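> here is a sequence together with a model predicted from it:
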Amino acid sequence: GQQLNQSPQSMFIQEGEDVSMNCTSSSIFNTWLWYKQEPGEGPVLLIALYKAGELTSNGRLTAQFGITRKDSFLNISASIPSDVGIYFCAGQRDFGNEKLTFGTGTRLTIIP
Amino acid sequence: GAGVSQSPSNKVTEKGKDVELRCDPISGHTALYWYRQSLGQGLEFLIYFQGNSAPDKSGLPSDRFSAERTGGSVSTLTIQRTQQEDSAVYLCASSPGGGNTIYFGEGSWLTVV
């Protein structure tokens, strides 16, 4: 099935550094979501974006819904060890068909 | 319960056997989804329920896969004649519908040997 293009695939950063990852699609989505998944767990929602151009923050996390509705980015500032995990973007086309299309994931590793 | 509950959490089965995976969504959630995640991969959509009907089952990989939902609540994903490539984590999610947030369970880890 279709997946969104997410980059980078993996990141190795030092504690305290900022992180940036993005997601692109060839088609439009009307909602963009960012999830985090830790080993043995299901994905947990971090941020939801509902409007093109929207910039939303959740603590040290900031995400933006691209103006073309074909992309989104997630920034994490001042990373800490518990930020380790796999981050997935997800797009949703419309309310009538609510399935999410997921990105390929960004695996974040933090070096103490 | 407070969250989406899935069972079994782990299942090892022999190739060729049938398996059933169960999902209890969050109470009151009308929408229910099944996704599959292979090791180190992203999430692959399988099927979506709105109430008891499945308006989108486009992601089911073959006719060995089927799912049903009864009473607008519990859902069962059945895989017949399992193959080794079916080994994956099967994730269930639910939402109140209407474009609201989708919440995931912890998944059922299936290993076919």
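Perfect, I can see it now.

> next, count neighbours for the closest residue to B:Thr70 other than its chain neighbours.
Nearest residue to B:Thr70, sequence neighbours excluded (CB to CB, 6 or more residues apart in numbering or on different chains): B:Asn52, at 6.5 Å. To be clear about C-beta, it is placed using only N, CA and C from the backbone, and glycine gets the same treatment. B:Asn52 has 14 neighbours, counted by other CB atoms under 10 Å in any protein chain shown.

> B:Tyr90 too?
Neighbours of B:Tyr90 using other CB under 10 Å come to 22.

> shouldn't it be in contact with B:Gly107?
Yes. Between B:Tyr90 and B:Gly107 there is a contact at 6.4 Å, judged by CB atoms under 8 Å.

> how about residues contacting stretch A:30-39?
If you take CB atoms under 8 Å, 6 or more residues apart in numbering or on different chains as the criterion, stretch A:30-39 is touched by A:23, A:43-50, A:61, A:63, A:65-66, A:69, A:72, A:74, A:84-94, A:100, A:105, B:99, B:101-102, B:104.

> okay, that stretch in CSV with CA atoms only?
Taking Å, rounded to 0.1, in the frame of the first residue of the first chain, the C-alpha atoms of stretch A:30-39 are listed here in CSV:
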residue,chain,number,x,y,z
ASN,A,30,-6.4,17.3,4.8
THR,A,31,-5.0,16.2,8.2
TRP,A,32,-1.4,15.5,9.2
LEU,A,33,-0.5,13.6,12.3
TRP,A,34,2.8,12.8,14.1
TYR,A,35,3.1,9.6,16.2
LYS,A,36,5.9,8.2,18.3
GLN,A,37,6.4,4.5,18.8
GLU,A,38,8.6,2.9,21.4
PRO,A,39,9.7,-0.8,21.4
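
> contacts only, for the residue most central in space within chain B.
Residue closest to the average C-alpha location in chain B (CA atoms, centre = their mean): B:Trp34, at 3.5 Å. With contact set as CB under 8 Å, 6+ apart, B:Trp34 has these partners: B:Cys23, B:Leu46, B:Ile47, B:Tyr48, B:Ala67, B:Ser75, B:Leu77, B:Tyr90, B:Leu91, B:Cys92.

> who touches the strand or helix carrying the second one?
In this structure, B:Leu46 sits in strand B:43-50 according to DSSP states H and E. Counting by CB under 8 Å, 6+ apart, strand B:43-50 makes contact with A:1, A:3, A:43, A:88, A:90, A:97-102, B:30-38, B:54-61, B:65, B:67, B:69, B:75, B:77, B:90-91, B:97, all of which sit outside it.

> which of those are buried?
Buried members of the contacts of strand B:43-50, counted by 16 or more other CB atoms under 10 Å in any protein chain shown: A:3, A:43, A:88, A:90, A:98-102, B:30-37, B:54, B:56, B:59-60, B:65, B:67, B:69, B:75, B:77, B:90-91, B:97.

> which of the residues you listed fall within strands?
Judged by DSSP state E, the subset of the buried ones among the contacts of strand B:43-50 located in strands is A:88, A:90, A:98-102, B:31-37, B:54, B:56, B:65, B:67, B:69, B:75, B:77, B:90-91.

> would you confirm that B:Glu85 belongs to a helix?
Yes. The assignment for B:Glu85, made by DSSP: H, G, I helix; E, B strand; the rest coil, places it in a helix.
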